[in-house]
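>>> generate coordinates for the sequence data below:
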Amino acid sequence: GSFNYSWHELNCHGKNRALCSSLRMNGDQKSDVYAQEKQDFVQHFSQIVRVLTEDEMEHPETGDAIARLKEVLEYNAIGGKYHQGVTVLVAFCELVEPRKQDADSLQGALTVGWCVELLQAFFLVTDDIMDSFLTRQRQLCWYQKPGVGLDAINDAILEVCIYRLLKLYCREQPYYLNLIEFFLQSSYQTEIGQTLDLITAPQGNVDLGRFTEKRYKSIVKYKTAFYSFYLPVAAAMYMAGIDGKKEHANAKKILLEMGEFFQIQDDYLDLFGDPSVTGKLGTDIQDNKCSWLVVQCLQRPTLEQHQILKESYGQKEAENVAQVKALYEELDLPAVFLQYEEDSYNHIMGLIERYAAPLPPAIFLGLACKIYKQKK
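Residues are numbered from 1 along each chain as shown. Prediction:
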């Protein structure tokens with residue numbers, strides 16, 4: 001194949017860790033390893049908006065609707081961390097030989113990165129309504145804005161923009177069909193995950209029996225891991241002409257595991273994180289969420305503790321939330337999480353060693369370092 005990466009450069013655990021710890025050190029100094037890529041990515045957004053809106057903005061019939069679309073794009077696609085979108089760009093640059101990284105193909109990679117971000121924005125607009133959230137990324141949720149409300153459901157038009165962009169930028173490419181099918185599959189998987197999430201924790205109907213580890217892992221795999229971790233790397237693989245089942249299956253093994261860790265960390269930080277760092281006040285307990293913490297708790301409590309959980313979980317009152325938190329602390333869940341984090345890191349390093357080739361391991365290591373240093 002066209003892979004001339006010297007795999008032995010990163011082959012042993014020791015070197016993986018050395019690379020990871022140097023990346024982690026950088027992270028601690030707040031100099032993002034991928035700062036340049038992120039800057040290029042964010043700058044490309046104005047072009048995305050232009051391409052999606054400029055032709056029709058003056059259209060006598062649809063102009064007003066396009067103005068609304070522009071507003072929806074600018075409110076909902078901006079302000080996050082752009083992990084997924086930047087990952088497409090970084091992976092593309094690592095997979096495609098430099099001589100093939102001309103301006104056009106980089107435009108394509110930036111655009112596909114924005115397609116991933118639009119997919120996420122579309123999920124979040126509708127998820128926030130279903131979860132009755134108030135804020136996201138330090139601003140009011142879109143549907144909470146005066147004059148928007150449930151009209152936000154139609155603003156899931158963001159999803160359709162993905163396919164307009166792919167057509168505009170990738171129609172002549174050999175990977176065009178692969179990308180279309182893959183984005184559709186990712187939407188389907190994520191919506192199946194959201195369905196599992198909703199039926200596992202119906203609002204106002206607390207049944208702790210539904211919160212099993214097995215169900216938890218299924219929700220995470222479908223709702224988060226697939227689109228957050230596998231989609232960006234797999235999209236870059238297709239663009240680099242890597243479409244073999246085996247290569248995708250191997251990448252998926254590593255990436256879905258990372259996605260699981262990422263969500264568990266998110267669940268942990270929902271309650272034990274510092275809101276000034278996370279940018280959000282966690283409400284998993286009040287919202288009766290099937291969170292990693294409650295799943296762990298249910299595996300450990302005495303009858304009396306079980307009773308406390310039953311009475312307080314999914315309740316809005318501050319004292320109920322405090323009782324659940326006290327119970328988690330009594331069961332030492334912060335220590336359980338730290339141990340899990342350590343084990344998960346080692347497990348993922350092992351998976352990278354086993355399954356990364358023939359892809360450059362740096363793709364996976366870069367992602368691993370990003371998520372394991374996040375004390376967001």
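>>> lowest average confidence, helix or strand, in this protein?
Lowest by mean pLDDT, DSSP states H and E among the helices and strands of the chain is helix 13-28, with a mean of 45.
>>> can you name the element that comes right after it?
Per DSSP states H and E, the first helix or strand lying C-terminal to helix 13-28 is helix 35-57.
>>> point out where the protein drops to low pLDDT.
Within the chain, the segments meeting pLDDT under 70 span 1-32, 374-376.
>>> now do the strands in it.
135-136, 139-140 (DSSP state E).
>>> what residues does the first one touch?
By Cβ atoms under 8 Å, 6 or more residues apart in numbering, the surrounding residues in contact with strand 135-136 are Leu124, Asp128, Cys141, Gln144, Lys280. C-beta: built from backbone N, CA, C; applies to glycine.
>>> neighbour-wise, which of the residues you listed leads?
Cys141 (22 neighbours; other Cβ atoms under 10 Å).
>>> from Leu293, how far out is the closest residue to that one other than its chain neighbours?
Among residues not flanking Cys141 along the chain, Asp128 sits closest, at 4.2 Å (Cβ to Cβ, 6 or more residues apart in numbering). For Asp128, the distance to Leu293 (Cβ to Cβ, to the nearest Å) stands at 22 Å.
>>> Ala251 now?
Counting by Cβ to Cβ, the gap from Ala251 to Leu293 is 30 Å.
>>> which of the two has more neighbours?
When Ala251 and Leu293 are compared for neighbours, Leu293 comes out ahead with 26 against 23, by other Cβ under 10 Å.
>>> dump the residue contacts of that one.
Asp267, Tyr268, Asp270, Leu271, Asp284, Tyr328, Leu333.
>>> how about Pro174?
Going by Cβ under 8 Å, 6+ apart, Pro174 touches Gly241.
>>> then Leu333?
Leu333 makes contact with Tyr268, Leu293, Gln296, Cys297, according to Cβ under 8 Å, 6+ apart.
>>> how many other residues sit next to the last one?
Applying the criterion other Cβ under 10 Å, we find 24 residues in the vicinity of Cys297.
>>> surely it touches Leu327?
Yes: at 6.6 Å, Cys297 counts as touching Leu327 under the criterion of Cβ atoms under 8 Å.
>>> now the common contact residues for those two.
Contact criterion Cβ under 8 Å, 6+ apart; residues shared by Cys297 and Leu327: Gln305, Leu309.
>>> looking at the contacts of Leu333, spot the one nearest Phe337.
Using Cβ to Cβ, Tyr268 comes nearest to Phe337 of the contacts of Leu333, at 4.8 Å.
>>> distance check, the closest one against Glu37.
Using Cβ to Cβ, we find Tyr268 at a distance of 28 Å from Glu37.
>>> list the contacts for the nearest residue to Ile254 once chain neighbours are set aside?
Of all residues not flanking Ile254 in the chain, Leu351 sits nearest, at 4.7 Å (Cβ to Cβ, 6+ apart). Leu351 is in contact with Lys253, Ile254, Glu257, counting by Cβ under 8 Å, 6+ apart.
>>> what about Asn288, how many residues nearby?
Neighbourhood size, Asn288 [other Cβ under 10 Å]: 23.
>>> for Arg68, that is, sorry about that
For Arg68, the neighbour count with other Cβ under 10 Å is 14.
>>> give me the distance between the residue nearest to Ile254 and Lys221.
From Leu351 across to Lys221, the span is 15 Å (Cβ to Cβ).
>>> Glu342: how many residues sit nearby?
Neighbour tally, Glu342, other Cβ under 10 Å: 11.
>>> hmm, I typed the wrong one, I wanted Glu304.
Residues near Glu304, counting by other Cβ under 10 Å, number 7.
>>> out of the strands of the chain, which is closest to Tyr355?
Using Cβ to Cβ, those put strand 135-136 closest to Tyr355, at 34.0 Å.
>>> partners of that closest one in the sheet?
strand 139-140 (antiparallel) (DSSP bridges).
>>> and the partner strand, how far out from the chain's middle?
Centroid displacement of strand 139-140 relative to its chain, using Cα atoms, centre = their mean, to the nearest Å, is 19 Å.
>>> cool, stretch 67-86 as well?
Using Cα atoms, centre = their mean, the offset of stretch 67-86 from its chain centre is 14 Å.
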